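K.L.:
Show me how the following folds:
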Amino acid sequence: MAFLPVSKQDMERQNITQLDFVYVIGDAYVDHPSFGHAIISRVLQAHGYTVGIIAQPDWKDDQSISVLGEPRLAFLVMGGNMDSMVNHYYVSKKRRTTDAYTPGGVIGRRPDHATVVYCNLIRRTYKNKPIIIGGIEASLRRMAHYDYWSDSFKRSILLDSQANLIVYGMGEKAIVQIAEALDSGMDIQDITYIPGTVFKTKNPELAYDPIVLPSYDDMKKDKLRYADSFRIQSENTDPYNGKTLVEPYPNGVLVVQNPPQEPLTQQEMDDVYDLPYERTYHPMYQKQGGIPAIEEIRFSLISCRGCFGACSFCALTFHQGRIIQTRSHESILKEAQKITEMPDFKGYIHDVGGPTANFYHPSCKKQLQYGVCKHKQCLWPKPCENLDTSHSEYLKLLRRLRELPKVKKVFVRSGIRFDYIMADKDGTFLKELVEHHISGQLKVAPEHISDVVLSYMGKPQNCVYEKFIDRYEKLNQKAGKKQFVVPYLMSSHPGSTMKEAVKLAEYLRDIGYNPQQVQDFYPTPSTMSTVMYYTGVDPRTMKPVYTPKNPHEKAMQRALMQYRNPANYELVREALYLAGREDLIGFGKNCLILPRKLKNRKKKRR
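P.N.:
Numbering: from 1, shown residues only. So this is what the prediction gives:
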């Protein structure tokens, strides 16, 4: 199977006169199932449609959108595997220096707000051709949302992009249904009934049994109306009991979100991942140094999608949903066999997982019949009594992968939920994880140690993490291994006062950990934490929450996590005074920094 056409010459070689769909993407063209554009285009191809790829067009040149001609049915547009603003900027809003999804890692090959820019580029040339947008950028901006980079409250991306439809979530079922409707001769304006899509209209009767959200104008005037709207949206991310949502705009315009698509069955998941991907980037990028992002996933396996973890700062619930979807062992083993036959395979499968590696089945059996609980989470604040905590199927999969010829080691590098492991009364999984699946360091994400902050984060109490570490260390000792834990920790999350930030610094002191990299909270579209940041309230309770916003305060909280760095001395000193913790400035073993005068005297003596 060849790569999809990227030029008129490719179309001629594949005997294509006119493509059914032209897919405009913000990433380079990589035909691997870790890339959304590869999955959607191969799914369409499997259903008999032709698709061509325009990767990273020059948005300043109108001709760049016409290189494959006009599609028969529609343009498809996605900004890339990441939101284009996250791709371009650090949380400090400084420009990133590399882009892993671009040839040679070069930055700047896509515009800011790429989906909107590409769609407007298309509209200038093809005024009436249907445009369907999807991917993470469109999915998480499908309704009115706070945009951190402009510090503004933005409309649905459907309006700013001039697109006709949004496909939100993973999109395989919805895109096929849209293709079949267009192919049958339906006008794009009449395709208003497909789950997992968002459309615009002035006819309220097109929204079936809806919940009407606060209007855009009302939310823009009153942040609390937006917090309430987001709460309603977060309670309707389930295909079985989620309602149609309607967001009113001026002049009678309505943005209508249909309920989500049903999750893929295991057979449907297998079918998606068994499609004939080339599993690498297009050869046209070879001279430019290839695509850096392929290195992380070349020898990795996706076993699941979805997440019931409830982290407030993560948008997975809004994009993939809470219901876990899995591939069969046979499908994963078949892909693993292909990996072992690749010429540069050295015997190491780098990862077997998904958003959360050890979620390999729905959190409870009732979900596939009744859906997820609207007002209750599976793991937070404590594991639900109905939670299925068994790791047995995932463990069987890892064992079968270990037994494959040519496989020396199978690693688990995508995130694991340590609280889910601790809830499993059978400790076999953690034991075998320690013995077989860690490459010296296990990366876990406690995120913080203050229970106050952890509650806002939707994470378990710190005592759960401490118990996990204790069990992990004992298992390593028993196995005769010296494997460490690398904790991911976050500064400046809503709820983190300077007092809480100092607690985190003290914890790092006590465990002797000096993080080289620190994650400052990044307000990305459509997360619970971002709504807290913007509105100043927790949408789950509508109660006020303290939120660090001032750049200097955020710099102090970040510096506290790296208090050993001499460059951070003044920031740490100021933070300790503000927190009333001058006791941590001195000579005692519990002090974080030395008094400034002593440091100056030492310099003079030298």
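K.L.:
which stretches of the protein have low pLDDT?
P.N.:
Along the chain, segments meeting pLDDT under 70 span 1, 597-606.
K.L.:
Would you mind finding the longest helix in it?
P.N.:
helix 462-479 (DSSP state H).
K.L.:
what is the orientation angle of the helix or strand just after it with helix 462-479?
P.N.:
Using DSSP states H and E, the helix or strand that follows helix 462-479 towards the C-terminus is strand 484-491. Counting by axes from the mean of the first three to the mean of the last three C-alpha atoms, to 10 degrees, strand 484-491 lies at 160 degrees to helix 462-479.
K.L.:
give the contact list for Glu506.
P.N.:
Leu584, Asn590, Leu592 (C-beta atoms under 8 Å, 6 or more residues apart in numbering). From N, CA and C alone the C-beta is placed, and that goes for glycine too.
K.L.:
wait, is it part of a helix?
P.N.:
Yes. Looking at Glu506 with DSSP: H, G, I helix; E, B strand; the rest coil, it is inside a helix.
K.L.:
can you offset everything so residue one is 52?
P.N.:
From this message on, residue numbering opens at 52, which makes the last subject Glu557.
K.L.:
Between its first and last residues, how far does stretch 351-360 reach?
P.N.:
Length of stretch 351-360, first residue to last, C-alpha to C-alpha, to the nearest Å: 22 Å.
K.L.:
what distance separates the longest helix of the chain from the centre of its chain?
P.N.:
In terms of C-alpha atoms, centre = their mean, to the nearest Å, the centre of helix 513-530 is set 28 Å apart from its chain centre.
K.L.:
returning to that earlier point: restricted to helices, list the contacts of Glu557.
P.N.:
Using DSSP H, none of the contacts of Glu557 sit in helices.
K.L.:
Out of those, which comes closest to Tyr80?
P.N.:
Nearest to Tyr80 among the contacts of Glu557, counting by C-beta to C-beta, is Leu643 at 49.2 Å.
K.L.:
Please work out how many residues are found near the closest one.
P.N.:
When neighbours are defined as other C-beta atoms under 10 Å, Leu643 has 21 of them.
K.L.:
so it makes contact with Leu627?
P.N.:
Yes. The criterion here is C-beta atoms under 8 Å, and Leu643 meets it with Leu627 at 7.0 Å.
K.L.:
hey, what's in contact with both of those two?
P.N.:
Leu635, Ile636.
K.L.:
Run through the neighbouring helices and strands of the longest helix of the chain.
P.N.:
If contacts are counted by 3 or more C-beta pairs under 8 Å, 6 or more residues apart in numbering; DSSP states H and E, helix 513-530 sits against helix 469-474, helix 479-487, strand 492-498.
K.L.:
Any idea which of the ones you listed gets closest to Gly120?
P.N.:
The nearest among those, by C-beta to C-beta, is strand 492-498 at 46.4 Å.
K.L.:
just to revisit the earlier point, for my notes, please list the helices and strands packed on helix 513-530 in TSV and give mean neighbour count for each entry.
P.N.:
Listed next are the helices and strands packed on helix 513-530 as TSV, based on neighbours: other C-beta atoms under 10 Å:
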stretch	mean neighbour count
helix 469-474	20
helix 479-487	17
strand 492-498	19
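K.L.:
Quick one: closest of these to Val157.
P.N.:
That would be strand 492-498 among these, by C-beta to C-beta, at 28.1 Å.
K.L.:
so what's Thr295 bridging to?
P.N.:
Pro261 (DSSP bridges).
K.L.:
ok, it to Leu216 distance?
P.N.:
For Thr295, the distance to Leu216 (C-beta to C-beta, to the nearest Å) stands at 15 Å.
K.L.:
Compare neighbour counts for those two and give me the winner.
P.N.:
Ranked by neighbour count (other C-beta under 10 Å), Thr295 and Leu216 place Leu216 first, with 25 against 17.
K.L.:
Name the nearest residue to Glu223, sequence neighbours excluded.
P.N.:
Excluding the flanking residues, the one nearest Glu223 by C-beta to C-beta, 6 or more residues apart in numbering is Val94, at 5.0 Å.
K.L.:
and if you look at Phe535?
P.N.:
Per C-beta to C-beta, 6+ apart, closest to Phe535 is Gln492, 5.2 Å.
K.L.:
could you pull out the helices for the stretch 552-657 of the chain?
P.N.:
579-586, 602-612, 620-629, 647-656 (DSSP state H, counting those that start in this stretch).
K.L.:
I'd like these written out as TSV, with mean neighbour count and distance to Met508 added.
P.N.:
Shown next, in TSV, are the helices of the stretch 552-657 of the chain (neighbours: other C-beta atoms under 10 Å; distance: least, C-beta to C-beta, whole Å):
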stretch	mean neighbour count	distance to Met508
helix 579-586	25	7
helix 602-612	21	15
helix 620-629	18	21
helix 647-656	9	34
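K.L.:
Dump the ones you listed into JSON lines; add distance to Gln428 as well.
P.N.:
Output for the helices of the stretch 552-657 of the chain, formatted as JSON lines (distance: least, C-beta to C-beta, whole Å):
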{"stretch": "helix 579-586", "distance to Gln428": "11"}
{"stretch": "helix 602-612", "distance to Gln428": "27"}
{"stretch": "helix 620-629", "distance to Gln428": "33"}
{"stretch": "helix 647-656", "distance to Gln428": "46"}
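K.L.:
Out of the ones you listed, which gets nearest to His401?
P.N.:
helix 602-612 (28.1 Å).
K.L.:
angle of that closest one against helix 620-629?
P.N.:
Counting by the same axes, to 10 degrees, helix 602-612 lies at 100 degrees to helix 620-629.
K.L.:
Determine the set of other helices and strands touching helix 602-612.
P.N.:
Against helix 602-612 (3+ C-beta pairs under 8 Å, 6+ apart) you get strand 535-542, helix 549-562, strand 570-571, helix 620-629.
K.L.:
can you pull out the helices in the stretch 152-301 of the chain?
P.N.:
So, for the stretch 152-301 of the chain - with DSSP H, counting those that start in this stretch - the helices run 165-176, 186-191, 208-212, 223-234, 267-272, 274-285.
K.L.:
Out of those helices, which is closest to Ala552?
P.N.:
When the helices of the stretch 152-301 of the chain are ranked by proximity to Ala552 (C-beta to C-beta), helix 274-285 comes first, at 24.5 Å.
K.L.:
element containing the residue nearest to Glu223, please.
P.N.:
Val94 belongs to helix 87-97, assigned by DSSP H and E.
K.L.:
Touching that helix from outside, list them.
P.N.:
55, 71-72, 74, 76, 78, 80-84, 102, 104, 127, 129, 132, 185-187, 221-223, 226-227, 230, 322-323, 326-328.
K.L.:
got the CA coordinates for it in PDB?
P.N.:
The C-alpha coordinates for helix 87-97 follow below in PDB (Å, rounded to 0.1, in the frame of the first residue of the first chain):
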ATOM      1  CA  GLY A  87      -4.900  11.500  13.700                       C
ATOM      2  CA  HIS A  88      -4.700  12.400  10.000                       C
ATOM      3  CA  ALA A  89      -3.400   8.900   9.200                       C
ATOM      4  CA  ILE A  90      -6.200   7.100  11.000                       C
ATOM      5  CA  ILE A  91      -9.000   9.300   9.500                       C
ATOM      6  CA  SER A  92      -7.600   9.100   5.900                       C
ATOM      7  CA  ARG A  93      -7.000   5.300   6.100                       C
ATOM      8  CA  VAL A  94     -10.500   4.800   7.500                       C
ATOM      9  CA  LEU A  95     -12.000   6.800   4.600                       C
ATOM     10  CA  GLN A  96      -9.900   4.900   2.100                       C
ATOM     11  CA  ALA A  97     -11.100   1.600   3.600                       C
END
